[in-house]
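Asker: kindly return the folded structure for what I paste below:
(2 chains)
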Number of protein chains: 2
Amino acid sequence: MSTDTIPLDLTADPVTLTRQLVDIESVSRHEEQIADAVEQALRAVGHLTVTRRGHTVVARTDLGRAERVVIAGHIDTVPLNDNLPSRLEDGILHGLGSCDMKGGDAVLLHLAATLPEPNRDLTFILYEAEEIEDEFNGLRLLAQSDPDLMVADFAILMEPSGASVEAGCQGTIRVDVRTTGERAHAARSWKGVNAIHGAAEVLARLNAYEARRPVIDGLEYHEGLNAVFISGGVAGNVLPDECVVSVNHRFAPDRSEAEAEAFLREFFRGFDVVVRDSAPGALPGLGLPAAKEFVDAVGGQARPKFGWTDVSRFSVLGVPAVNFGPGDPSLAHKQEEHVPVEHIVRCERQLRAWLGGAP
Amino acid sequence: MSTDTIPLDLTADPVTLTRQLVDIESVSRHEEQIADAVEQALRAVGHLTVTRRGHTVVARTDLGRAERVVIAGHIDTVPLNDNLPSRLEDGILHGLGSCDMKGGDAVLLHLAATLPEPNRDLTFILYEAEEIEDEFNGLRLLAQSDPDLMVADFAILMEPSGASVEAGCQGTIRVDVRTTGERAHAARSWKGVNAIHGAAEVLARLNAYEARRPVIDGLEYHEGLNAVFISGGVAGNVLPDECVVSVNHRFAPDRSEAEAEAFLREFFRGFDVVVRDSAPGALPGLGLPAAKEFVDAVGGQARPKFGWTDVSRFSVLGVPAVNFGPGDPSLAHKQEEHVPVEHIVRCERQLRAWLGGAP
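Answerer: Alright, predicted model coming up:
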């Protein structure tokens, strides 16, 4: 940690703190400065034990409570897009990372500093590199290096979710569906087999797809199956001998990655199918007491999370997890991202109440 | 013309002459040396009037005959591919340009030099840049700068055609067929419209296409309709809002470019269709006396030409034209291109006889 680490006042109100965090530029792979600031501020809090791994910072209480809850947020952002510094206007805080997800981080940090005796033990995780390739993801690395720091009865990921609970998440798998043919000069096309024409059946099946919408713990998920890329062609006068349709499948968390792959292989039976990447979904786990209590405490309503988030990393470890953070998720990664002050205030107040803090 | 122009002996036998031409490297846009050699040799022939335009050389008789015939060949080649110098082995001449089309050029040059009194007036055209973009094509440029030099009753293009007559040529047109949609995150795909899925119908129509095979002057042509490229996709987690299928149509010479375009617009009705390039076909014109006599003179058999060639430039000018040259057309542009000596000898003998020369 350098001597010129930016001082953060974690006891300041979470909106001011959000603004301070937004103004520390922290594009993925450049989180050192913000991680230093966060680490220094957390180390100054007497009731927390702090661990740092790379640019991921973990702070824990150890009060011998019956339950432990992880509250986590990533500290990196997508690249700058002429959207710094922050700007507060009419109750809306604008700026890179305001929505995704420094509003959530600020709530987390403020609670860490101001709840010396929560009714549950807490593990706060502020992690690096969520917005880029999975291999760099700080939560993934932490689960490998220090799995004990991930242990909990329940986890809250402060990803933007409109300041209400979005439970679980759908899994995602991408496959390449390949058709092959035989090259020939386009002037004598009957001597070849056109691989692009062969992809007609792949697209026809996609058009005939009917999405499964399973209800899990009272939440209706909604699967999807979409071509996200298609490519083929050799030259303007040649019948192509290969066409590749890249297909993304979003699957509800009642299916494993293996089941999703089996579904795709069956769906595209007769074609060459290669899995390109895959990530499991996360069951909402709303039947579990810790989760149920949390949902009740923050208003009793939960929605299903359609997009994939890091909650699935907890799910894999057997820890029920939900998304609960300020900001509209559809603004994430947008140039004009922003967060309503009211979301930040509400999330902080509800979490504080659930954790037994004074209002 | 430089002083060190390579001397060509046009009276040498055409196989030796072919070999000499092959050994003068003349990749497109680098034809100066070969054009210099050809020009110098033709200027030395008393009965010819020579004109040069760029690296295109024209030599004419002017004997007041009732008919004029153009005999033409391009002097450029595709790029070197470790296939020079020439090699003569077991009656086969190997090397870059041997098939496409210096064998034909040698026959042409030998006839030009050794037929002082042909029974038809002759216009010999050796032109540059056939293997590259149309804008550089020497025959195209000549038709613009000196249309009178293209005037004839009949034209023979010495493109490789297995030493027999391939008449006319099919036209070619390429269109982009575009589907559009609406982007959405793949996790909430019901909020968007997938443009790649929309291309299913384009491919289905291509699969249902039935090729027209019109018989013209006794020759059966064979049309074709093929996707040659397909592309679409924004990101691995985004529903694509555009997909483009690039379609090549080969059309028999009983249809004009405008008719071919109208056919495509009707065929892809409901989709956005943009013409990318187009070139007309050429009618075989075998009903015309000059062409009929020629075919009879060289064996009585003609085949349809499926690929597009420069014969269509003559067709556009109202000059019936055929392809007739040594070499297997399917070897053109191949690393291992070669030409049978027997083809060269036969083409030369048949043309000489038709033009009233002594055997």
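
Asker: which residues are in contact with the residue in the stretch 251-359 of chain A that chain B sits nearest to?
Answerer: Ranking the residues of the stretch 251-359 of chain A by distance to chain B (Cβ to the nearest Cβ) places A:Gly307 first, at 3.9 Å. Glycine gets a C-beta too; all of them are placed from N, C-alpha and C. For A:Gly307, the contacting residues are A:169-170, A:329, B:185, B:187-188, by Cβ atoms under 8 Å, 6 or more residues apart in numbering or on different chains.

Asker: and if you look at A:Val50?
Answerer: For A:Val50, the contacting residues are A:39, A:42-43, A:57-59, by Cβ under 8 Å, 6+ apart.

Asker: and if we set it to 10 Å?
Answerer: When contacts are counted by Cβ atoms under 10 Å, 6 or more residues apart in numbering or on different chains, A:Val50 touches A:38-44, A:57-60, A:112, A:124.

Asker: how far away is it from A:Pro116?
Answerer: A:Val50 sits 15 Å away from A:Pro116 when distances are taken as Cβ to Cβ, to the nearest Å.

Asker: what segments of the stretch 201-350 of chain A are helices?
Answerer: Counting by DSSP state H, counting those that start in this stretch, residue ranges of the helices within the stretch 201-350 of chain A are A:257-267, A:289-297, A:311-316, A:341-354.

Asker: so which elements touch the second one?
Answerer: Using 3 or more Cβ pairs under 10 Å, 6 or more residues apart in numbering or on different chains; DSSP states H and E as the contact criterion, the elements in contact with helix A:289-297 are strand A:68-74, strand A:154-157, strand A:165-167, strand A:302-304, strand A:321-323, helix A:341-354.

Asker: ok, the helix or strand just after the third one: who's next to it in the sheet?
Answerer: Moving toward the C-terminus from strand A:165-167, the next helix or strand (DSSP states H and E) is strand A:171-180. Looking at strand A:171-180 with DSSP bridges, its partner strands are strand A:242-251 (antiparallel), strand A:272-279 (antiparallel).

Asker: would you turn these into a markdown table with mean pLDDT?
Answerer: Supplementary listing: the strands paired with strand A:171-180 in a markdown table, determined by pLDDT from 0 to 100:
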| stretch | mean pLDDT |
| --- | --- |
| strand A:242-251 | 98 |
| strand A:272-279 | 95 |
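
Asker: pick the most buried one from those.
Answerer: Of all the strands paired with strand A:171-180, strand A:242-251 has the most neighbours on average by mean count of other Cβ atoms under 10 Å in any protein chain shown, namely a mean of 24.

Asker: pull the CA atoms of it into CSV?
Answerer: Coordinates of each C-alpha in strand A:242-251 appear next as CSV, following Å, rounded to 0.1, in the frame of the first residue of the first chain:
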residue,chain,number,x,y,z
GLU,A,242,-18.1,-24.5,-43.5
CYS,A,243,-20.6,-22.4,-41.5
VAL,A,244,-20.6,-21.9,-37.8
VAL,A,245,-23.6,-20.7,-35.8
SER,A,246,-22.6,-19.7,-32.3
VAL,A,247,-25.6,-20.3,-30.0
ASN,A,248,-26.1,-19.0,-26.4
HIS,A,249,-28.4,-20.8,-24.1
ARG,A,250,-29.6,-19.3,-20.8
PHE,A,251,-31.0,-22.1,-18.6
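
Asker: relative to helix A:257-267, how tilted is that strand?
Answerer: For strand A:242-251 against helix A:257-267, the angle by axes from the mean of the first three to the mean of the last three Cα atoms, to 10 degrees is 130 degrees.

Asker: where does A:Leu10 land in three-state SS?
Answerer: Look at A:Leu10: counting by DSSP: H, G, I helix; E, B strand; the rest coil, its state is coil.

Asker: now do the one 10 residues further on
Answerer: For A:Gln20, the secondary-structure state derived from three-state DSSP is helix.

Asker: about what we covered before: A:Gly97: which of the helices of the stretch 201-350 of chain A is closest?
Answerer: Taking Cβ to Cβ, helix A:341-354 is the member of these nearest to A:Gly97, at 13.2 Å.

Asker: so which elements touch that closest one?
Answerer: Judged by 3+ Cβ pairs under 10 Å, 6+ apart, the packing partners of helix A:341-354 are helix A:14-22, strand A:68-74, strand A:92-94, helix A:103-114, strand A:154-157, helix A:289-297.

Asker: you'd agree A:Ala59 is up against A:Ala112?
Answerer: Yes. If you go by Cβ atoms under 10 Å, A:Ala59 and A:Ala112 touch, sitting 5.6 Å apart.

Asker: so what sits against both of these two?
Answerer: By Cβ under 10 Å, 6+ apart, A:Ala59 and A:Ala112 have these common neighbours: A:38, A:41-42, A:45, A:47-48, A:50, A:71, A:122-124, A:126.

Asker: now these in CSV, with secondary structure, pLDDT and distance to A:Val234?
Answerer: Formatted as CSV, these follow (DSSP: H, G, I helix; E, B strand; the rest coil; pLDDT from 0 to 100; distance: Cβ to Cβ, whole Å):
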residue, secondary structure, pLDDT, distance to A:Val234
A:Val38, helix, 98, 53
A:Ala41, helix, 98, 58
A:Leu42, helix, 98, 58
A:Val45, coil, 97, 63
A:His47, coil, 97, 66
A:Leu48, coil, 98, 61
A:Val50, strand, 98, 58
A:Ile71, strand, 98, 54
A:Leu122, strand, 98, 59
A:Thr123, strand, 98, 55
A:Phe124, strand, 98, 55
A:Leu126, strand, 98, 50
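
Asker: most neighbours among those residues, which one?
Answerer: Comparing these by number of neighbours (other Cβ atoms under 10 Å in any protein chain shown), A:Val38 comes first, having 31 neighbours.

Asker: that one reaches A:Ile75, doesn't it?
Answerer: Yes. With contact defined as Cβ under 10 Å, A:Val38 counts as touching A:Ile75 (6.7 Å).

Asker: what's the overlap in contacts for these two?
Answerer: Between them, A:Val38 and A:Ile75 share the neighbouring residues A:21, A:24, A:26, A:31, A:55-57, A:105, A:126, with contact defined by Cβ under 10 Å, 6+ apart.

Asker: if we can go back for a sec, winner for burial among the helices of the stretch 201-350 of chain A?
Answerer: For those, ranked by mean neighbour count under the definition mean count of other Cβ under 10 Å, the leader is helix A:311-316 at a mean of 22.

Asker: give me the packing partners of it, helices and strands only.
Answerer: Contact partners of helix A:311-316 among helices and strands, from 3+ Cβ pairs under 10 Å, 6+ apart: strand A:68-74, helix A:138-145, strand A:154-157, strand A:171-180, strand A:272-279, strand A:321-323.

Asker: change it to 8 Å
Answerer: With contacts defined as 3 or more Cβ pairs under 8 Å, 6 or more residues apart in numbering or on different chains; DSSP states H and E, the packing partners of helix A:311-316 are helix A:138-145, strand A:154-157, strand A:321-323.

Asker: which one of the ones you listed lies nearest to B:Ala66?
Answerer: Ranking those by distance to B:Ala66, with Cβ to Cβ as the measure, places helix A:138-145 first at 87.2 Å.

Asker: pull the distance from the closest one to the chain's centre.
Answerer: Centroid separation for helix A:138-145 versus its chain: 15 Å, with Cα atoms, centre = their mean, to the nearest Å.

Asker: lovely, talk soon.
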